[in-house]
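Engineer: Output the structure for:
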Amino acid sequence: MFKTNEGTVDRALRVVLGIALIVGYFINPDGAYSWLYWIGIIPLATGLIGWCPLYSVFGIKTCKTKH
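Structural biologist: Residues are numbered from 1 along each chain as shown. Sure thing, here's the model as predicted:
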């Protein structure tokens, strides 16, 4: 359905960042802007899927392509 446009390092960093943000919510759930931690779902999902919609819009690829 979607062509992969994220490389291995990019995907790993997105997954780690997403998990860290979500865990941050559970560490500090009563903070004034604690709901912002849930933005971590976006990098987590794109890292797991391997496809970033913004990369597609701008024509960016961080993965190795087969020639």
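
Engineer: can you tell me how far the most centrally placed residue in the chain sits from G59?
Structural biologist: By C-alpha atoms, centre = their mean, the chain has its centre lying nearest to P43, at 1.6 Å. Between P43 and G59 the distance is 20 Å, computed by C-beta to C-beta, to the nearest Å. The C-beta positions use only the backbone N, C-alpha and C, and glycine is treated the same way.

Engineer: returning to that earlier point: show the average pLDDT along the strand or helix carrying the residue nearest to the centre of the chain.
Structural biologist: Applying DSSP states H and E as the criterion places P43 in helix 41-49. Regarding helix 41-49, the rounded mean pLDDT is 97.

Engineer: And stretch 15-25, by the same measure?
Structural biologist: pLDDT averaged over stretch 15-25 gives 96.

Engineer: Which positions in it come out as buried?
Structural biologist: V15, L17, G18, L21, I22, G24, Y25 (16 or more other C-beta atoms under 10 Å).

Engineer: which SS class is the fourth one?
Structural biologist: Using DSSP: H, G, I helix; E, B strand; the rest coil, the secondary structure recorded for L21 is helix.
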